[in-house]
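Colleague: Based on what follows, work out the 3D shape:
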Amino acid sequence: MLNLGYSIFPNGSARYEIHPPPPQLWVCRDTYFIASVDDGLRYVSSGSPPGSQDN
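Modeller: Down below sits the predicted model:
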């Protein structure tokens, strides 16, 4: 269940929050995925994929 509301802090300030927080995906620049119509999205777990600019 999504809970929307404000958090009130002891100093009187308030912050609007959504609980649970939306999902996040953090990807660093050396993370590779290969997308294709047949296989969908595939993660490359080590190294860089063949044909990439790194090779």
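
Colleague: And Asp39, how close does it get to Ser48?
Modeller: 18 Å (Cβ to Cβ, to the nearest Å). In this view, the C-beta of every residue, glycine as well, is placed from N, C-alpha and C.

Colleague: Those two: who's more crowded?
Modeller: Neighbour count, other Cβ atoms under 10 Å: between Asp39 and Ser48, Ser48 has more, with 12 against 8.

Colleague: so which strand or helix has that one?
Modeller: Using DSSP states H and E, Ser48 sits in no helix or strand.

Colleague: Check Gln53 too.
Modeller: With DSSP H and E as the test, Gln53 turns up in no helix or strand.

Colleague: who's in contact with it?
Modeller: Counting by Cβ atoms under 8 Å, 6 or more residues apart in numbering, Gln53 makes contact with nothing.

Colleague: mind listing what's buried in stretch 25-36?
Modeller: Buried residues in stretch 25-36, counted by 16 or more other Cβ atoms under 10 Å: Tyr32.

Colleague: Quick check: end-to-end length of that stretch?
Modeller: For stretch 25-36, the separation between the terminal residues is 20 Å (Cα to Cα, to the nearest Å).
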